[in-house]
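Any chance you can model this:
(one chain, ligands or ions: 1)
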Amino acid sequence: MLSSTTTKGLLLIGDGMGDRAVPALGGKTPLEAANTPIMDRCAAEGESGHMDPIAPGIRAGSDTAHLAMLGYDPYQVYPGRGPFECFGIGMEVQPGDLAFRFNFATVDENFTVLDRRAGRITKGTDRLAAAIDGMQVQDVLILAKESVAHRGGMVMRGPGLHTKISEADPHAEGLKVLEVQALSPEAEKTALVCNEVIRRSYDILNDHPINRERVAQSLPPANILLPRGAGFAPNLGLFSDRYGITGACIVEVGLVKGIGRYIGMDVIDVIGSTANVETDTVAIGNAVIEALGRHPFVLCNVKGPDVAGHDCNPQGKIRIIEKIDAMLGQILDGVENLTVAVTGDHCTPVTFGDHTGEPVPILFHGPTVRPDGVQSFGERAATLGSVHRIQGKDVMNIMTSYMGTAEKFGA
Ligand SMILES: [Zn+2]
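Okay, here's the model as predicted:
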């Protein structure tokens with residue numbers, strides 16, 4: 001229940017912000033090397049520690065880490081990448097839908113695969129997917145939408161579907177598309193529907209104007225759809241039911257946008273948000289301030305630190321962390337009575353170029369947060385904080401307790 005003793009809440013995620021000691025930075029991490037007066041002040045006035053997104057040593061993806069931080073157990077609700085691929089590209093997935101990823105591929109008239117990625121096609125896949133979207137096979141509705149390059153998402157909606165089917169993609173060129181097989185008796189209908197979609201996709205796509213144009217330019221036609229990664233969309237319920245407050249999502253990761261939309265959060269797109277180190281953090285900050293005027297809670301993710309981590313670019317990572325710090329100052333100036341948590345969703349060390357399993361520093365700041373004496377925000381400083389070492393699933397509990405919106409457990 002909301003009362004006058006509650007605060008607003010912001011969970012601010014620098015994607016992949018955690019790091020390791022970097023020799024080129026004199027042994028500091030990018031967060032330690034960056035000039036972050038606002039985060040340091042928040043750490044000094046608040047409390048800090050380390051957070052394992054999923055569990056110690058587990059290398060989290062952004063999707064599983066955000067699920068955990070929103071209070072879901074990814075081991076229970078993460079059905080594989082199919083449904084999350086579909087969320088991420090904005091498909092209207094419903095609980096119980098069977099969702100797939102797919103590739104557009106090139107086959108000859110005998111269904112021999114000539115190119116598994118259709119020449120990494122970049123243009124026209126929206127029209128090709130639209131030609132498949134809405135197909136009906138028996139009582140099953142097929143939805144399809146393009147993703148990046150030759151990839152896409154496909155949803156099967158109807159009764160009697162199952163995940164236990166074999167793959168269609170032979171995973172090598174020169175081999176025939178494989179007949180999808182049921183790997184358990186309940187999956188026979190799904191295998192049949194899958195094979196029908198694949199056959200009909202060839203009939204529809206091979207003669208499509210986009211492909212006639214490609215053939216005229218000596219490019220491989222994207223003339224078949226090869227689905228994989230089947231998983232049922234999980235029943236996550238609504239964010240507002242879980243926490244008793246509404247929330248908005250201002251995030252730069254498509255997958256996380258998809259999760260937010262799926263749990264009924266207000267997903268807000270920001271002009272100037274580029275999901276890299278050049279992103280317009282002032283515009284994002286303004287959007288957060290505006291969203292906190294309408295919702296008690298906002299999840300904000302800035303993607304740049306992860307991009308710099310994957311690019312092994314310490315200076316880029318420092319620059320985007322400093323921009324996030326300035327953005328936090330802008331938000332604190334613009335919103336009264338706010339509880340903030342600042343952290344990353346995982347480490348993406350610039351010395352490694354991918355996600356690793358170390359914990360990420362986290363700080364809590366707000367009118368009700370107990371200060372712990374730590375004076376700055378960073379990997380070393382956080383080891384001395386009173387939060388000690390928590391897991392992603394603890395974050396919203398701590399947030400909503402400080403916000404004054406958490407339900408009591410027991411009498
Ligand atoms: Zn990443």
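
Would you state the helices of the stretch 101-250 of the chain in chain order?
Along the stretch 101-250 of the chain, the segments classed as helices by DSSP state H, counting those that start in this stretch run 125-132, 188-206, 209-216, 239-243.

Quick one: list the elements packing against the first one.
Contact partners of helix 125-132 among helices and strands, from 3 or more CB pairs under 8 Å, 6 or more residues apart in numbering; DSSP states H and E: strand 140-146, strand 151-157, helix 188-206, helix 209-216. C-beta: built from backbone N, CA, C; applies to glycine.

Compute the inter-axis angle for the third one and strand 151-157.
Translated: helix 188-206. 130 degrees (axes from the mean of the first three to the mean of the last three CA atoms, to 10 degrees).

quick check: mean pLDDT across helix 188-206?
Mean per-residue pLDDT for helix 188-206: 97.

Just the buried positions in that helix, please.
Neighbour counts over helix 188-206 (16 or more other CB atoms under 10 Å) mark 188-198, 201-202, 204-206 as buried.

Of the helices and strands packed on helix 125-132, which is nearest Ala68?
strand 151-157 (22.8 Å; CB to CB).

all strands for the chain, in order.
8-14, 47-52, 98-107, 113-115, 135-137, 140-146, 151-157, 224-232, 247-251, 266-267, 297-302, 338-343, 360-365, 388-391 (DSSP state E).

what's the first one in contact with?
Read it as strand 8-14. Strand 8-14 has contacts (CB atoms under 8 Å, 6 or more residues apart in numbering) with 66, 69, 251, 288, 292, 296-302, 304-305, 320-321, 324, 328, 331, 335, 337-345, 395-396, 399-400, 402-403, 405.

returning to that earlier point: may I ask which two of the buried residues of helix 188-206 are separated the most?
Glu188 and Asn206, at 27.6 Å, using CB to CB across the buried residues of helix 188-206.

Per-residue pLDDT of Pro83, please?
pLDDT, Pro83: 88.

who's in contact with the closest residue to it other than its chain neighbours?
Distances taken as CB to CB, 6 or more residues apart in numbering place Ala99 nearest to Pro83, at 4.0 Å, with adjacent residues excluded. Listed by CB under 8 Å, 6+ apart, the contact set of Ala99 reads 82-83, 85-86, 91, 93, 153-156, 230-233.

repeat that with 6 Å
82-83, 86, 93, 155, 233 (CB atoms under 6 Å, 6 or more residues apart in numbering).

so who does Gly378 touch?
Shown in contact with Gly378 (CB under 6 Å, 6+ apart): 31-32.

try it again with 7 Å
By CB atoms under 7 Å, 6 or more residues apart in numbering, the contact set of Gly378 is 29, 31-32, 361.

per the record, what domains does the chain have?
If you go by automatic domain parsing, the domain ranges for the chain are 8-78+235-403, 92-232.

For the first one, give the mean pLDDT please.
Spelled out, it's domain 8-78+235-403. For domain 8-78+235-403, mean pLDDT is 97.

distance between stretch 386-396 and the chain's centre?
Mean-position distance between stretch 386-396 and its chain equals 20 Å (CA atoms, centre = their mean, to the nearest Å).

before we move on, what about stretch 242-256?
Using CA atoms, centre = their mean, the offset of stretch 242-256 from its chain centre is 11 Å.

Show which residues not belonging to it make contact with it.
15, 62-63, 66, 71, 84, 87-89, 239-240, 257, 260, 265-268, 270, 273, 275, 279, 284, 287-288, 291, 295-303, 396, 400, 405, 407.

how long is it from one end to the other?
This stretch, stretch 242-256, spans 18 Å end to end (CA to CA, to the nearest Å).

list the buried ones in it?
Buried residues in stretch 242-256 (16+ other CB under 10 Å): 242-243, 245, 247-256.

Out of those, which comes closest to Gly316?
Nearest to Gly316 among the buried residues of stretch 242-256 is Glu252, at 15.2 Å by CB to CB.

And that closest one, how far from Asp269?
Distance, Glu252 to Asp269, using CB to CB, to the nearest Å: 10 Å.

And Pro349, by the same measure?
Per CB to CB, Pro349 is found 30 Å from Asp269.

ditto for Ser201
Between Ser201 and Asp269 the computed distance is 31 Å (CB to CB).

do the same with Phe102
25 Å.

With neighbour numbers in mind, choose between these two.
The neighbour comparison of Phe102 against Asp269 (other CB atoms under 10 Å) goes to Phe102, with 29 against 11.

Could you give the bridge partners of that one?
Gly152, Pro227 (DSSP bridges).

I'd say Met156 and Leu98 touch.
Yes - Met156 lies in contact with Leu98 (CB atoms under 7 Å); the separation is 4.4 Å.

Tell me which of those two has more neighbours.
Taking neighbours as other CB under 10 Å, Met156 and Leu98 compare with Leu98 leading, 26 against 22.

quick one on the thing from earlier: dump the strands of the chain into CSV; add distance to Arg214 as well.
Listed next are those as CSV, based on distance: least, CB to CB, whole Å:
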stretch, distance to Arg214
strand 8-14, 40
strand 47-52, 47
strand 98-107, 9
strand 113-115, 11
strand 135-137, 22
strand 140-146, 15
strand 151-157, 17
strand 224-232, 13
strand 247-251, 35
strand 266-267, 34
strand 297-302, 36
strand 338-343, 46
strand 360-365, 45
strand 388-391, 49
